[in-house]
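Trainee: With the sequence up front, the predicted model follows.
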Protein chains: 2
Amino acid sequence: MRKINNAEIVAVGTEILLGDLVDTNSAWISQRLAALGVNVYRHTAVGDNRERIVAALGEAAARSDLVVTTGGLGPTSDDLTHECLSLLTGRPLVEYPEARRHVDEMFRRFGRAPTPSNYKQALFPEGARLIPNRLGTAMGALLEHEGTLFATFPGVPGEMRTMFEETLAPLVRERTEGTIVSRTLWFAGIGESALAERVQDLLDAPDPTVAPLAGEGRVRLRITTRAATPGEAEEKIAPVEREILARLGRYYFGEDDETLESAVGRLLREREETLAVAESCTGGLLAKRLTDVPGSSEYFREGIVAYSNEAKERLLGVPREMLTGHGAVSEPVALRMAEGVRELSGADYGLSVTGIAGPGGGTEEKPVGLVWVGIADRGGSRAHRLDLSAWARSRSAIRERSANMAFDLLRRALQKVKEA
Amino acid sequence: MRKINNAEIVAVGTEILLGDLVDTNSAWISQRLAALGVNVYRHTAVGDNRERIVAALGEAAARSDLVVTTGGLGPTSDDLTHECLSLLTGRPLVEYPEARRHVDEMFRRFGRAPTPSNYKQALFPEGARLIPNRLGTAMGALLEHEGTLFATFPGVPGEMRTMFEETLAPLVRERTEGTIVSRTLWFAGIGESALAERVQDLLDAPDPTVAPLAGEGRVRLRITTRAATPGEAEEKIAPVEREILARLGRYYFGEDDETLESAVGRLLREREETLAVAESCTGGLLAKRLTDVPGSSEYFREGIVAYSNEAKERLLGVPREMLTGHGAVSEPVALRMAEGVRELSGADYGLSVTGIAGPGGGTEEKPVGLVWVGIADRGGSRAHRLDLSAWARSRSAIRERSANMAFDLLRRALQKVKEA
């Protein structure tokens, strides 16, 4: 069997070319292939058109050891992937009894009866090995042709991912040499260019490679290397990681899948402390993101979305004269919201956000993008003013950045106490 | 000037092939080109590699009237798009004084000084027309070569979109014949296959085309046609839309950019009524999605994220014996939460969600995916039991579907009252 060094991904579906669907499958498959030591050199998306699918598959095969496809495995007349693979390889479509039984079995489980068109999903190019699908009717195919391995998957992400892990990943692992290992380090409170300047020598180094990527008030550095074994890769990555943390440690909040909300959660759990939030312009986003993290009930008590002034007054005890005198978006109101939710909940920390997310509601004095963050703890409370007016045209950007910066301010407060 | 009938999009960047970045630009550009009457036949993504970028650009040009690229316009050594366009077309890279002034001007605005490498962004293939960028240093290029128009954009979505609208869109409009018009109709409370069966004849019709797409408890039907003018397209779409609504109207909640939360907001605004929410397992997601909608302060009063039992008791008045006797995930608690937040806030409607989002917390009797939704209004309250155990492996899927179904139940309640 030929080794698998490089791969391409072909996504099939007119909905992708119409922009109705963002192709997230190719990114996921790319990450998994990189972890398995395979270089991905190209992504292609084509519509549900025989001629164009055959061309894309043929071109990808001419360049690659492995071609992974997603989509086009459904029962309808515009599902063409297996037919096109048959046309390209000259292997006729034949019915696989195992696949026909699978269609029957899945329909039985859904409590419905298959129509004749459903048995289209039992047709595969002769010589293909089937990829089982425990979650849906569409089985995939593995087919070797002129030195290229084709692997076909349905477009439904959950089905594709399970099938990839269960069938393709073990097979690729046997046919690769070495592994590609990456580590992502996450930073907040520093801009991309300021961060890049401090590690420019590492960004220029050939191996491990270090690449920055920024978004919504966070920056990440991705360290990547290739080695014979994961242990060897780790030995190459560790000193680079140490060097980066020595220079940028105070901005660092976690690695790989860490988020600001999970970093905050980890610190609270370590300290056995609890948190409650009071939100105005973020409107539930802080609470939503905190509770995205499994197990957050251990440290997250409650959230108050006080969207109206009346609710700020009644639920959080913000005095009416403070709201009328300073306005809802002001330092004293942010402070009082954080204190109010801390008192109300009995949590160790109260975190508040009040601001103008737009598109309406801005004034000369208080423009769209002005946001106040309040933090209250047993030692008192303080507020931070954020100027997000550069994102004034995007309500969601202001809200997401406000949440990131509020979490980062709380993280710093938690770490400071910890270090003391 | 040659007419522009079809286009391809080439995304440049190793981060895409590593799966570090999902390419959302291609979907956005595709939607815009479709609206301008241009067929997009292929998306390609390639890494920061000279040979492979030149090959991808050349192949795309051989097939297309228009090639749109994103990414690779930065100042670093791995930003190669304009260099590769120069290699492909044989037009040397030359410095454009206008672009050099733009780099200086943007740095001045950021309060920083450019380094020599920044002036790389002033180099373009000879003969290119520049695409201004008001938001960043990277200008794009328009270049005609052997019957194909190349248009290059930076990878930053905000910059790319503004530049596309300001420069490429008007140019494409002059060089297309006719327009492609689509309308998306949104449905909830019905599965994709059940919906498809009721409009199978329309799905099979050649023009306008009707295509279904499902996700997270909603289904959409996209009606698409091509015509000489928007008015003519509308005349073709309108009868199909009427026919679909005659068959499926009770599941319909809006068109195009409508979401369940904006549909709920529209109904509340029409009725001049208000809403408050009480959330447990969705942890702020209902409030976050309601306040995603600009102007939601008109009808959204407040949200209580009562994540702990203690908070349910204290904030929403759920009796302790109810929580211990029935459990937090139960019909009486859902009812009481909805009633409690309605009373607390003085809103016309109270909406509550309590459930088990997982991964932990499930039992034989109350598995992960069991969710109760409560709705309270002046006429009383009722609760609905949701079984989302099929998504037990995804906390976010359970939370998003719970929110969708809660909003859809409220929408139906609002519409029923309206029709009475």
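Mentor: Cool, the structure landed.
Trainee: close to chain B, is the lowest-mean-pLDDT helix or strand in chain A?
Mentor: When each helix and strand of chain A is scored by mean pLDDT, DSSP states H and E, strand A:209-215 comes last, with a mean of 81. Yes - for strand A:209-215, a contact with chain B is found by CB under 8 Å from any CB of the partner chain, at A:211, A:213. Where you see a C-beta, it was placed from the backbone N, CA and C, and this is true even at glycine.
Trainee: Which strands or helices does that strand pack on?
Mentor: With contacts taken as 3 or more CB pairs under 8 Å, 6 or more residues apart in numbering or on different chains; DSSP states H and E, strand A:209-215 sits against helix A:192-198, helix A:200-204, strand A:218-227, helix B:14-17.
Trainee: Quick check: which of those is buried the most?
Mentor: helix B:14-17 (a mean of 24; mean count of other CB atoms under 10 Å in any protein chain shown).
Trainee: about what we covered before: could I get the helices and strands packed on strand A:209-215 in JSON lines, plus columns for mean pLDDT and distance to residue B:131?
Mentor: Below are those laid out as JSON lines (pLDDT from 0 to 100; distance: least, CB to CB, whole Å):
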{"stretch": "helix A:192-198", "mean pLDDT": "85", "distance to residue B:131": "23"}
{"stretch": "helix A:200-204", "mean pLDDT": "92", "distance to residue B:131": "28"}
{"stretch": "strand A:218-227", "mean pLDDT": "89", "distance to residue B:131": "27"}
{"stretch": "helix B:14-17", "mean pLDDT": "92", "distance to residue B:131": "21"}
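Trainee: between those, which one is nearest to residue A:384?
Mentor: For the helices and strands packed on strand A:209-215, proximity to residue A:384 was assessed by CB to CB; strand A:218-227 is nearest, at 16.9 Å.
Trainee: helix or strand right after the closest one?
Mentor: Scanning forward in sequence from strand A:218-227 by DSSP states H and E, the next helix or strand is helix A:230-248.
Trainee: which strands and helices sit next to that next one?
Mentor: strand A:179-188, helix A:192-198, helix A:200-204, strand A:218-227.
Trainee: quick one: contacts of that helix?
Mentor: A:179-181, A:183, A:185, A:187, A:190, A:195, A:198-199, A:202, A:205, A:207-208, A:210, A:221, A:223, A:225-227, A:252 (CB atoms under 8 Å, 6 or more residues apart in numbering or on different chains).
Trainee: hmm, try it at 7 Å
Mentor: Under the contact criterion CB atoms under 7 Å, 6 or more residues apart in numbering or on different chains, helix A:230-248 has outside partners A:179, A:181, A:183, A:185, A:187, A:195, A:198-199, A:202, A:208, A:210, A:221, A:223, A:225, A:227, A:252.
Trainee: try stretch A:60-73
Mentor: A:2, A:4-13, A:25, A:29, A:38, A:41-42, A:44, A:48, A:57, A:79-82, A:121, A:138, A:140, A:145, A:148-155, A:160.
Trainee: what are the pairing partners of the least confident helix or strand of chain A, and which direction each?
Mentor: strand A:218-227 (antiparallel) (DSSP bridges).
Trainee: Send me the partner strand as CSV with only the CA atoms.
Mentor: What follows is strand A:218-227, C-alpha atoms only, in CSV (Å, rounded to 0.1, in the frame of the first residue of the first chain):
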residue,chain,number,x,y,z
ARG,A,218,-7.9,37.5,21.3
VAL,A,219,-4.7,36.5,19.6
ARG,A,220,-3.4,33.0,19.2
LEU,A,221,0.0,31.6,18.3
ARG,A,222,0.1,28.2,16.7
ILE,A,223,3.3,26.1,17.1
THR,A,224,3.6,23.3,14.6
THR,A,225,6.1,20.7,13.9
ARG,A,226,6.5,17.3,12.2
ALA,A,227,8.3,14.4,13.8
